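[1] fold the stuff below for me.
(2 chains)
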Amino acid sequence: MTAWQESLFGVLKANGVKLVSYVPDAGHAHLIARAHQDESMRAVALTTEEEGVALACGAALGGTRAVLLMQSSGVGNCINMFSLLASGRFPFLTLVTMRGEWGEFNPWQVPMSKATQTVMEAMGLSVYRVDQADAVVETVDAAARFAFESDQAVAVLLSQRLIGRKQWTSEK
Amino acid sequence: MNDTSALDRRAVVKTLMSHCPDALVIAGLGSSAYDLFAAGDRDLNFYLWGAMGGAACIGLGLALAQPEKSVLVITGDGEQLMGMGALATIGAQRPPNLAIVVLDNGHFGETGMQKSHTVQGTSLTGVAAACGLAWTLEIAQMSTLQQLSQRINARKGCGLANVRVAADALPRALPTRDAVLMKNRFRAALGLATL
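    Purely as a prediction, here's the structure:
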């Protein structure tokens, strides 16, 4: 765990997020663990990421702020469900950990990684990308305010350089 | 194709709504939305016109946000089949105030009445039970709707009812397609701020 990951949890809490849904990613492991520990939050494991889009819209109908945590490969699973956000102008916040870019070992992660920002923007989401640790808190705070105060659909991409590339083999 | 023993879907939904007048209701796209609208429009109805497979998880989000209200998802077999993983997600959360009612005509009614999986081996109540939902009901008679309504109103366990309805193509009863309007009137009816 690095300092920005704990700060990120604080930003979500400060913005009133009560529902945290996720398909796990190592880059989100700290947030997921903190959401499960926090009695004021509800953490929901999904079978596929599009469930989290629908979940967030239902929560918004009932007055609860939600966030969806996923990795870039999961964005492709959401595309048609994103139409719910645009049609209903629902508030929506997602934090996406990027695979398939900085020093990636697994080529299967690359195609969806390259398409992530493009398909989200094509479906009407605003997309912010973070490469530097000192920009995480400010960016996610702005994204949350934009989502929940202006009923906007917003994604923050946390770059693979920021979260660290996945370690597959012991380093020599 | 028509099973004469199967129920009239419009009558099923009208009866359910008369027994559960306070429920917050999400309707899956297609005939389920038309059935709900035909039973009487209300601010606490949200009709889907797309997002196929999403109805149950919208209901889950709403049920977690409004634990003191009964949340009812009314959808078709085709819509629920597309969101079958959602039953596992719901089974893990088990909000006691969530009920899913599948109007099962065994067909994809909106697109030419092609057979769905529920007449070829899949039991959605079997799936729901295996996912850990607290109760399931197979309904083939109008009189069983009383028991279903009691469970919806009691909010003492999440469950799924599969209602065998006739595969009739009924006249369409079209609700608004404006989801921003539906969202805002729904929130206003709950006393929540709108943008």
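[2] which ones are touching residue 126?
    Looking at chain A here, since you left the chain open. A:143, A:146, A:152, A:153, A:154, A:155 (C-beta atoms under 8 Å, 6 or more residues apart in numbering or on different chains). Where you see a C-beta, it was placed from the backbone N, CA and C, and this is true even at glycine.
[3] wrong chain, I was asking about chain B
    Per C-beta under 8 Å, 6+ apart, neighbours of residue B:126: residue B:136.
[4] if we can go back for a sec, reformat the contacts of residue A:126 as JSON lines; add distance to chain B, neighbour count and pLDDT.
    Formatted as JSON lines, the contacts of residue A:126 follow (distance: C-beta to the nearest C-beta, whole Å; neighbours: other C-beta atoms under 10 Å in any protein chain shown; pLDDT from 0 to 100):
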{"residue": "A:143", "distance to chain B": "17", "neighbour count": "24", "pLDDT": "98"}
{"residue": "A:146", "distance to chain B": "13", "neighbour count": "17", "pLDDT": "98"}
{"residue": "A:152", "distance to chain B": "10", "neighbour count": "19", "pLDDT": "98"}
{"residue": "A:153", "distance to chain B": "13", "neighbour count": "26", "pLDDT": "98"}
{"residue": "A:154", "distance to chain B": "15", "neighbour count": "24", "pLDDT": "98"}
{"residue": "A:155", "distance to chain B": "18", "neighbour count": "26", "pLDDT": "98"}
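[5] now, among those, which is nearest to residue B:169?
    Using C-beta to C-beta, residue A:153 comes nearest to residue B:169 of the contacts of residue A:126, at 35.3 Å.
[6] what's the closest of the contacts of residue A:126 to residue B:82?
    Nearest to residue B:82 among the contacts of residue A:126, with distances taken as C-beta to C-beta, is residue A:153, at 21.6 Å.
[7] give me the phi and psi for that closest one.
    For residue A:153, the backbone dihedrals are phi -100, psi 120 (criterion: degrees, to the nearest 10).
[8] so which residues on chain B come close to chain A?
    B:24, B:26, B:46, B:48-66, B:83, B:85-86, B:88-89, B:92-93, B:179-180, B:182-183, B:186-187, B:190, B:192, B:195 (C-beta under 8 Å from any C-beta of the partner chain).
[9] again, only this time at 6 Å
    With C-beta under 6 Å from any C-beta of the partner chain as the criterion, chain B meets chain A at residues B:50-51, B:54, B:57-58, B:60-62, B:64-66, B:85-86, B:88-89, B:179-180, B:183, B:186, B:192, B:195.
[10] ok so, going back, so which of the contacts of residue A:126 belong to strands?
    A:153, A:154, A:155 (DSSP state E).
[11] returning to that earlier point: quick check, nearest of the contacts of residue A:126 to residue A:105?
    Once C-beta to C-beta is applied, the member of the contacts of residue A:126 that ends up nearest residue A:105 is residue A:155, at 24.5 Å.
[12] does that closest one touch residue A:119 like I think?
    No - counting by C-beta atoms under 6 Å, residue A:155 does not reach residue A:119; the two are 10.4 Å apart.
[13] just want the most central residue of the chain.
    I'll assume chain A. Residue closest to the average C-alpha location in chain A (C-alpha atoms, centre = their mean): residue A:95, at 1.6 Å.
[14] not quite, I wanted chain B
    Chain B has residue B:74 as the residue nearest its centroid, 1.2 Å off, counting by C-alpha atoms, centre = their mean.
[15] what's next to the helix or strand harbouring that residue, contact-wise?
    In the assignment (DSSP states H and E), residue B:74 maps to strand B:71-76. Outside strand B:71-76, the residues that touch it by C-beta atoms under 6 Å, 6 or more residues apart in numbering or on different chains are B:23-28, B:30, B:32, B:36, B:55-56, B:59, B:62-63, B:97-101, B:103, B:152.
[16] can you check stretch A:90-102 too?
    Under the criterion C-beta under 6 Å, 6+ apart, residues A:25, A:27-28, A:56-57, A:60, A:67-72, A:85, A:109-110, A:113, A:144, A:147-148, A:151, A:153-161, A:163, A:165 lie in contact with stretch A:90-102.
[17] among these, the buried ones, what's the ChimeraX command?
    Here is the ChimeraX command that selects only those of those that count as buried (16 or more other C-beta atoms under 10 Å in any protein chain shown):
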select /A:25,27,28,56,57,60,67,68,69,70,71,72,85,109,113,144,147,148,151,153,154,155,156,157,158,159,160,163
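[18] thanks a lot, catch you later.
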